[in-house]
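**Q** coords below, sequence missing:
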C-alpha cells in the first residue's frame, strides 16, 4: 500500500556528473541528447537556479559530501581529504550509521577514498579509457565501468535494508593530458550526425579582452585550455560534440539504472538526485573549464525524483535558489537522519512537498582558492543575489558588480559607475557577512 511504502526509509540514488553546467540537458533547451535524464525531469522536479559555492571538483565534492562551505570543511586543494571528524558528518557516513547499505562508484575526488568508507566501493578517475580484464590488455570506457559497477552494487545489495548508492561519473570531464581531450565511445556518434553545436554569442575575442586585466592573458588557465579545445570553429565543433557525446553516454547509464530499479520493484520508493559538481565555459569569454565566478561556471543542473512529491508537482520546474550545499541535508532528511549542526545547507524537499512554499534563499556566498598561482587561477569571492552579483578578486583588489536582471551575460561591470556606489557599498558589507557565515 502507498501509505506503507511512504513509511519506509527510501532507497537513495545520487548521480553526480562532472563538468556539466545547468543546460547540459536536452530538457533545458540544449542540443545535447539526454533522453533518460529528461524523463527523470518529467517524473520529478528540475531546479533551474542551482549554483555551486566553489566551482572546482575537489572543493565542490567535499561540499556535496558535507553540506558545508570550503571555509568550514577545509578542502581547498587537490589531494586533501576530509578530516575524520568531517567524514563522520558526511551524508554517506551518517546514512551508513543509520542502517543504510552504502555504495560508491566512480570519481571520488576528495583525497583518497578510505578503504572501508562505503560497504561497496570502486573508485577511479582521470582517463576515459582504462585497462580491463585479468591481463589488463583490454580497455573499458570509464562510463561503461561506472554502469557495470553500479549494476553490481544493485545486484549484490542486501534486500532487507535500504541502500544509498552514489554514482560519480567522470564524464564529461576532459582527459586533460590527451591530445583530443574528450574521448567518447563509438556508439554515441550516431545521435550527433548532422548536428551543429551553436556557438555562444559571447565566445568572442572582444569578450575575452573585456575580462579583468589579470584574466585577459594567455597564461590564464581558462585561456590555456580554450586554446586546446575551442580556438578554431572546427575544433569547437569537434570538442563540443565529443563533450556532449560523453554526456549522452552517462545519460544512457542513468536509464539502465532506473530500469534496474524498476525491475527490482523499488523504483517507487527510491529518491533519485542528479546534479553536477560545477559549471563550465563552452568558449564564452574566450575561456574553457570553470573556476571563475561567472554564471557559466556557477550554475549546474539539479533534478530530483522523490516518492514524497505532492500531486501536481511532477514534471515541473522550480526557480528556487538552491545550492550544492543542499544535497547532503536533503538526502539525510529524506532518510529520517538528523542533520548535524555543522551543516550549512538546507533540505530542499519543502520546495516540492509543502502545500505552501517556504521562504526561499535570498543570496549566497561564493569562494574559490588560488590554484597553480594567481596568474593562472586567482582567488575570488562573490556574493550573489538573483538580480545582482558582486565579485572581489583579493589577489588584485579588483571589484566587479553586475545587474543580472538587465545584464544576465555579465557584460557591463558597474563597480566604477558612480550611479551604483550605494549598491556597491552594500554588497561589500554583504560579502564580509557571507565570508563570516561560511566559517
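**A** Okay, I see it. Bear in mind the structure is a predicted one, so any value in this text is a computation, not a measurement. Numbers count the residues shown, from 1 in each chain.

**Q** alpha carbons only for contacts and neighbour counts from here, please
**A** Will do.

**Q** kindly tell me how buried residue 130 is, as a neighbour count.
**A** 16 (other CA atoms under 10 Å).

**Q** so what's it bridging to?
**A** residue 140 (DSSP bridges).

**Q** element containing residue 291, please.
**A** Using DSSP states H and E, residue 291 falls within no helix or strand.

**Q** I'd like the next helix or strand past the longest helix along the chain.
**A** Ordering each helix of the chain by length in residues (DSSP state H) puts helix 233-263 first. Using DSSP H and E, the helix or strand that follows helix 233-263 in sequence is strand 270-276.

**Q** run me through the strand neighbours of the next helix or strand after that next one, direction for each.
**A** Next helix or strand after strand 270-276 toward the C-terminus (DSSP H and E): strand 281-282. Paired neighbours of strand 281-282 in the sheet (DSSP bridges): strand 288-289 (antiparallel).

**Q** how close does residue 86 get to residue 68?
**A** 10 Å (CA to CA, to the nearest Å).

**Q** could you pull up phi and psi at the residue nearest to residue 142 when sequence neighbours are not counted?
**A** Sequence neighbours aside, residue 128 is the residue nearest to residue 142 in space, at 5.1 Å (criterion: CA to CA, 6 or more residues apart in numbering). Note on residue 128: backbone dihedrals following degrees, to the nearest 10 are phi -80, psi -30.

**Q** all numbers from here: first residue = 30
**A** Noted, 30 is the first residue going forward, which turns the last one into residue 157.

**Q** hang on, the earlier thing: give me the more crowded residue out of residue 115 and residue 97.
**A** residue 97 (27 against 18).

**Q** mind listing what that one touches?
**A** Residues near residue 97 by CA atoms under 8 Å, 6 or more residues apart in numbering: 91, 354, 371-374, 467.

**Q** how about the secondary structure of it?
**A** Put simply, residue 97 is coil when judged by DSSP: H, G, I helix; E, B strand; the rest coil.

**Q** which parts of the protein are helices?
**A** So, for the chain - with DSSP H - the helices run 31-36, 64-71, 86-95, 99-102, 113-117, 120-126, 171-185, 234-238, 250-258, 262-292, 324-327, 356-363, 379-382, 450-466.

**Q** go through these and pick out the most buried.
**A** Among those, helix 86-95 has the highest mean neighbour count (mean count of other CA atoms under 10 Å), at a mean of 27.

**Q** ok, residue 222 to residue 209 distance?
**A** 19 Å.

**Q** er, residue 171 I mean
**A** 16 Å.

**Q** could you do residue 460 as well?
**A** 40 Å.

**Q** cool, residue 364 as well?
**A** 43 Å.

**Q** so which of these two has more stuff around it?
**A** Applying other CA under 10 Å to residue 364 and residue 209 shows that residue 364 carries more neighbours, namely 21 against 15.

**Q** can you tell me the closest non-neighbouring residue to that one?
**A** Closest to residue 364 by CA to CA, 6+ apart is residue 38, at 5.4 Å.

**Q** again with residue 91
**A** Closest to residue 91 by CA to CA, 6+ apart is residue 139, at 6.2 Å.

**Q** isn't the one you found right next to residue 92, touching?
**A** No - with contact defined as CA atoms under 8 Å, residue 139 does not count as touching residue 92 (10.0 Å).

**Q** residues contacting residue 231?
**A** 312-315.

**Q** among those residues, which one lies nearest to residue 444?
**A** Among those, residue 314 lies closest to residue 444 (CA to CA), at 19.1 Å.

**Q** centre of the chain to stretch 80-92, how far?
**A** 8 Å (CA atoms, centre = their mean, to the nearest Å).

**Q** which outside residues touch that stretch?
**A** Contacts of stretch 80-92 (CA under 8 Å, 6+ apart): 47, 97-99, 102, 104-107, 111, 137-139, 306-308, 319-322, 326-329, 350-354, 393-397.

**Q** dump the helices of the chain to a markdown table, plus mean pLDDT.
**A** A markdown table is the format used below for these (pLDDT from 0 to 100):
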| stretch | mean pLDDT |
| --- | --- |
| helix 31-36 | 41 |
| helix 64-71 | 98 |
| helix 86-95 | 98 |
| helix 99-102 | 97 |
| helix 113-117 | 96 |
| helix 120-126 | 98 |
| helix 171-185 | 98 |
| helix 234-238 | 98 |
| helix 250-258 | 97 |
| helix 262-292 | 98 |
| helix 324-327 | 98 |
| helix 356-363 | 98 |
| helix 379-382 | 95 |
| helix 450-466 | 98 |
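
**Q** closest to residue 415 out of the ones you listed?
**A** When these are ranked by proximity to residue 415 (CA to CA), helix 324-327 comes first, at 11.3 Å.

**Q** got a list of contacts for that closest one?
**A** For helix 324-327, the surrounding residues in contact (CA under 8 Å, 6+ apart) are 50, 80-84, 307-310, 313, 318-320, 438.

**Q** next one: residue 144 from residue 385, what distance?
**A** 44 Å.

**Q** ugh, wrong one, I meant residue 192
**A** Counting by CA to CA, the gap from residue 192 to residue 385 is 31 Å.

**Q** please apply the same query to residue 402.
**A** In terms of CA to CA, residue 402 sits 48 Å off from residue 385.

**Q** so those two - more neighbours on which side?
**A** residue 402 (12 against 9).

**Q** which among the contacts of stretch 80-92 count as buried?
**A** 47, 97-99, 102, 104-106, 111, 137-139, 306-308, 319-322, 326-329, 350-354, 393-397 (16 or more other CA atoms under 10 Å).

**Q** re the thing from before, can I get the contacts of residue 231 in TSV including pLDDT, distance to residue 410 and neighbour count?
**A** Converted to TSV, the contacts of residue 231 look like this (pLDDT from 0 to 100; distance: CA to CA, whole Å; neighbours: other CA atoms under 10 Å):
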residue	pLDDT	distance to residue 410	neighbour count
312	98	22	27
313	98	20	21
314	98	19	26
315	98	21	25
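
**Q** would you turn those into JSON lines with distance to residue 430?
**A** Shown next, in JSON lines, are the contacts of residue 231 (distance: CA to CA, whole Å):
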{"residue": "312", "distance to residue 430": "22"}
{"residue": "313", "distance to residue 430": "19"}
{"residue": "314", "distance to residue 430": "17"}
{"residue": "315", "distance to residue 430": "20"}
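
**Q** widest-spaced pair of those?
**A** 312 and 314 (6.3 Å).

**Q** overlap of the contact sets of those two?
**A** 231-232.

**Q** I'd say the residue nearest to residue 171 and residue 214 touch.
**A** No - applying CA under 8 Å, one finds residue 157 not in contact with residue 214, separated by 9.0 Å.

**Q** mutual contacts of those two, please.
**A** residue 170.

**Q** between the two, point out the one with more neighbours.
**A** With neighbours defined as other CA under 10 Å, residue 157 and residue 214 compare such that residue 157 has more, 24 against 17.
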